[in-house]
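>>> Take this sequence and fold it.
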Amino acid sequence: MLVLCAASACVSPVDSAEETSALTASATTVFSLTFDDTLADQYQVADLVEARGMRAVFYINDSRLDTAGFLTRAQAIDLQTRGHEIGGHTVGHVRLPTVSLDEARTQICNDRASLLDGGFAATTFAYPFGDDNAAVQRIAADCGYNASRDVGGLVSPTCPSCPWANPMKPVNPQAIRTYDSVETDTTLAEMQQQVLDAEQHGGGYVPMVFHHVCDACASNAVTAAQLAAFLDWLAARTPTTQVATTQEVVGGAIQPQVRYPDPANLARNPSVENDADANQIPDCWQRGGFGTNTTTYALTSDTSDGSTAQQLTVTALTSGGRRLVTAQDTGACAPLVTPGKQYSISAFYKATTPPRVTVYYRTTAGAWSWFAETPLLPTSTTYREATLTTPAMPADATALSFGLGIFGVGSLTLDQHRLIEGLPPPAIDKLVPLFAIACNGDTCSTAPYAAAVRISLAASDPSGIAQLRYTTDGSDPTTGTLYSGAFTVDAAATVRAIAVDNAGNRTFRSAKLGFGPPPDTTPPALALACNGAACTGSYAAPASVSLTATDVGGVQEVRYTTDNSDPVVGITYTGPFTVSTTSTVRATAVDVAGNRSSLSQAIAIGGPTNLLQNASLELDANSDQVPDCWKRGRYGTNTAVWTIVADAFDGARAQRLDITSYTSGGGRLVSAQDACAPAATPGRRYTMTGYYKATVTPRVTAYYRSASGVWTYLAESTALPVSGTYVQATFTTPVIPVGATAISVGLSIFAVGSLTTDLYTLAEAP
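Next up is the predicted model:
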């Protein structure tokens, strides 16, 4: 039995679209920084995130406020006033699936009710310890939470098949998943990897879970320094990755207050849960109606609250209507009323034909009489609330009966009824305004601006915005300049602003602006060498690999891996390292402005020496679009274009050949037939490999140089398959003829289409 609208707080519904933050509109990945357990050391988080233009979510237990080791009530109010979200976390921080459903309702509903009474707009919830089940999730929704957060449920070592992120609008908002909670031994790189994992797997919504913010004061702590470093890194990933509160992501109205149980509710069996005689009529309720119609009644699990609701279906109707009303007995079920008093009635319903609420009263003579009813109410495929406030009860009234009915063919499902003496409590708007500061029409940057910045403020609230004020010197904006339109800032400034709605709720925002030269957007130049020279890709013995990175503004770090994994969280490069087995080295460099460049290089160890120079086509000293030690070839009537492209299998470059018109012949790229050409031994065979993508059938072609210096066609492979992704071509030549001195190999196409090639090897066949 759950009850809406206790005397102290009841909030009118608002359009959920108005609660979705415009700040997240351009983002593909959104994170919420959530802090559980009401811990005192979390208060410093506000300054840390606000300095970077972010807001956090604090899941608090109202009973812990103003107790040792926890936030004070004044601090929590301050956090909400500054634009942070305050959510619920139960009365006593219990593992909800281990207690009775009644206790779970008490823990969730009454904690939220206390938060609302204290002035907190509690719209989202976090399950203590991340423990929940389907029944607990339903209770969280019934208690008025728009969304509830778990701990875990995204990819982890124990759940490799779990999703990488929630959908931006979670499918089940009462079971929002997270990565594992941040612990003392969680590194900065691991925190960053949570962000990268979500970004690299399609984006979505990911709350991050924190507890203590301190230097190793608990096992579930993060240091303020590590958190600040993470926030700096995260802030640089806008606009496609952004930070928002949970409420900004899920949206939705602030729901009415719910307390459990509700002593003010005069209705018996209000959520129609009990049916002691199993006759499909809830205890203390009765069927009613008039006219000529055919109706069935049944209990259903399609509920607004609890596990049972009542459904009545009119299948044929000539006249009249049918309803379910509270029992009209002599006192065991019918609540007593006081003459001259008014009574407030509410119920939740779904209906395919318009219903209405009808009220009856019992006279002193014991007769039941019609008293009042609502106009016809809207149909609805989802539960909505019907309300009625009665006129003053007549002088001879002793008891009251009420219920909903329908008067046409269709169905009506009823649940969660309430009858209280007096007028309904006034709505109390505790929803803070949505508010944003924009710089030149976009999210304000933490990087310096090169020119004056146009600042605009935008706020919205269902009750309307009473005023916007701001300062540019970092002072309290409460009495600052009244905002009348966009203004310009052309020197270093801290803009602080306040939005106040018509109910007096306030939201603060701030943006720190710096000015300087245009931001550095050029990534560092990154290069890799093997044994002090350009890598050929194949070595008979271990190779010494070195990395060099240069940038005008300075290089912050260089990292690498040797197992083809993401180098962003790889080994910090301090000097040359040895590759002893066949590996793929991946490296990344970041400059002091946060720009990044990356490369990869396949290195084969222990196989035959690669006879080809510039085997990965990386070098083009004269910038003629032909890789050094390679040459173009074409015969017949066709138009061929060669270019160096970044669509590489290995390294940063590949060679592309496009035949745009064709009558006869073909085009190819082959290893140079000059001093670069590898020597060939008569009587031996040679194996070439090369990676390619092609829209038309390619072939491998081989030539040899005779003793007289003339290059002669040697052999050609069979037709190779077309491929939209890189595949490896392999071809072994016939025996090299007597008198041959050198060899040239490459890939060719013979029709209109394209061929992209990369990473060749040539070695003497066994």
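>>> Distance from stretch 528-546 to the middle of the chain?
42 Å (C-alpha atoms, centre = their mean, to the nearest Å).
>>> Quick check: buried residues in it?
Residues of stretch 528-546 classed as buried: 528, 529, 530, 534, 535, 536, 537, 538, 539, 543, 545 (neighbour count, 16 or more other C-beta atoms under 10 Å). C-beta: built from backbone N, CA, C; applies to glycine.
>>> One more: stretch 546-557?
Within stretch 546-557, the residues that count as buried by 16+ other C-beta under 10 Å are 547, 549, 551, 555, 556.
>>> okay if I get the buried residues of stretch 528-546 as JSON lines plus pLDDT and distance to residue 677?
Output for the buried residues of stretch 528-546, formatted as JSON lines (pLDDT from 0 to 100; distance: C-beta to C-beta, whole Å):
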{"residue": "528", "pLDDT": "93", "distance to residue 677": "26"}
{"residue": "529", "pLDDT": "91", "distance to residue 677": "24"}
{"residue": "530", "pLDDT": "90", "distance to residue 677": "22"}
{"residue": "534", "pLDDT": "85", "distance to residue 677": "18"}
{"residue": "535", "pLDDT": "83", "distance to residue 677": "20"}
{"residue": "536", "pLDDT": "72", "distance to residue 677": "15"}
{"residue": "537", "pLDDT": "70", "distance to residue 677": "18"}
{"residue": "538", "pLDDT": "74", "distance to residue 677": "18"}
{"residue": "539", "pLDDT": "80", "distance to residue 677": "21"}
{"residue": "543", "pLDDT": "86", "distance to residue 677": "24"}
{"residue": "545", "pLDDT": "93", "distance to residue 677": "27"}
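>>> Could you dump those into CSV and include distance to residue 397 and secondary structure?
As requested, these are arranged in CSV below (distance: C-beta to C-beta, whole Å; DSSP: H, G, I helix; E, B strand; the rest coil):
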residue, distance to residue 397, secondary structure
528, 91, strand
529, 96, strand
530, 97, strand
534, 98, coil
535, 95, coil
536, 100, coil
537, 95, coil
538, 98, strand
539, 99, strand
543, 97, strand
545, 93, strand
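>>> what are the ranges of the helices in this structure?
Ranges of helices within the chain are 45-50, 73-81, 101-117, 134-142, 188-200, 224-235, 246-250, based on DSSP state H.
>>> Comparing the ones you listed, which comes out most buried?
Stretch with highest mean neighbour count among the helices of the chain: helix 246-250 (a mean of 25; mean count of other C-beta atoms under 10 Å).
>>> Run the chain-centre distance for that helix.
Offset of helix 246-250 from its chain centre (C-alpha atoms, centre = their mean): 10 Å.
>>> Equivalent analysis for stretch 595-613, please.
So, by C-alpha atoms, centre = their mean, the centroid of stretch 595-613 is 37 Å from its chain's centroid.
>>> closest one to residue 352 among the helices of the chain?
Closest approach to residue 352 among the helices of the chain is made by helix 134-142 (23.2 Å; C-beta to C-beta).
>>> Going by contacts, tell me the helices and strands next to that closest one.
Under the contact definition 3 or more C-beta pairs under 8 Å, 6 or more residues apart in numbering; DSSP states H and E, helix 134-142 sits against helix 101-117, strand 147-153.
>>> ranking these by mean pLDDT, which is last?
Mean pLDDT across the helices and strands packed on helix 134-142 is lowest at helix 101-117; the value there is a mean of 91.
>>> so what's residue 138 up against?
Residues in contact with residue 138, defined by C-beta atoms under 8 Å, 6 or more residues apart in numbering, are residue 174.
>>> likewise residue 765?
Contact partners of residue 765, counting by C-beta under 8 Å, 6+ apart, are 684, 685, 686, 687, 732, 733.
>>> Confirm for me that the second one is in contact with residue 733.
This means residue 685. Yes: because the distance of 5.4 Å satisfies C-beta atoms under 8 Å, residue 685 is recorded as touching residue 733.
>>> For these two, work out which one has more neighbours and name it.
Counted by other C-beta atoms under 10 Å, residue 685 and residue 733 do not tie: residue 733 has more neighbours, with 23 against 14.
>>> Next, find the distance separating the more buried one from residue 100.
Summarising the geometry, the distance separating residue 733 from residue 100, computed by C-beta to C-beta, to the nearest Å, is 81 Å.
>>> before we move on, what about residue 677?
Using C-beta to C-beta, residue 677 is found at 84 Å from residue 100.
>>> what do you get for residue 445?
Taken as C-beta to C-beta, the span from residue 445 to residue 100 is 52 Å.
>>> Between those two, point out the one with more neighbours.
Comparing residue 445 with residue 100 by neighbour count (other C-beta under 10 Å), the higher total belongs to residue 445, at 19 against 8.
>>> what residues are up against that one?
Residues in contact with residue 445, defined by C-beta under 8 Å, 6+ apart, are 238, 439, 519.
>>> cool, residue 373 as well?
Residue 373 is in contact with 356, 357, 358, 359, 388, counting by C-beta under 8 Å, 6+ apart.
>>> what about 7 Å?
When contacts are counted by C-beta atoms under 7 Å, 6 or more residues apart in numbering, residue 373 touches 356, 357, 358, 359.
>>> Number of residues surrounding the second one?
Spelled out, it's residue 357. Counted with other C-beta under 10 Å, residue 357 comes out at 23.
>>> picking that back up, include distance to residue 340 when you put the helices of the chain into CSV, please.
Output for those, formatted as CSV (distance: least, C-beta to C-beta, whole Å):
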stretch, distance to residue 340
helix 45-50, 52
helix 73-81, 40
helix 101-117, 30
helix 134-142, 34
helix 188-200, 62
helix 224-235, 61
helix 246-250, 43
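>>> Out of these, which gets nearest to residue 470?
The closest of the helices of the chain to residue 470 is helix 45-50. By C-beta to C-beta, the value is 15.1 Å.
>>> Identify all contacting residues around that closest one.
So helix 45-50 is contacted by 33, 35, 55-56, 79, 82, 84, 213, 224, 227-228, 231, 510 (C-beta under 7 Å, 6+ apart).
>>> now stretch 178-186
Stretch 178-186 has contacts (C-beta under 7 Å, 6+ apart) with 149-154, 156, 191, 194, 206-211, 216, 219-222.
>>> ok, back up a step: wait, which of the buried residues of stretch 546-557 is closest to residue 255?
Distance to residue 255, by C-beta to C-beta, is smallest for residue 556 among those, at 47.1 Å.
>>> Report how many residues lie close to residue 683.
As a burial measure, residue 683 scores 10 neighbours (other C-beta under 10 Å).
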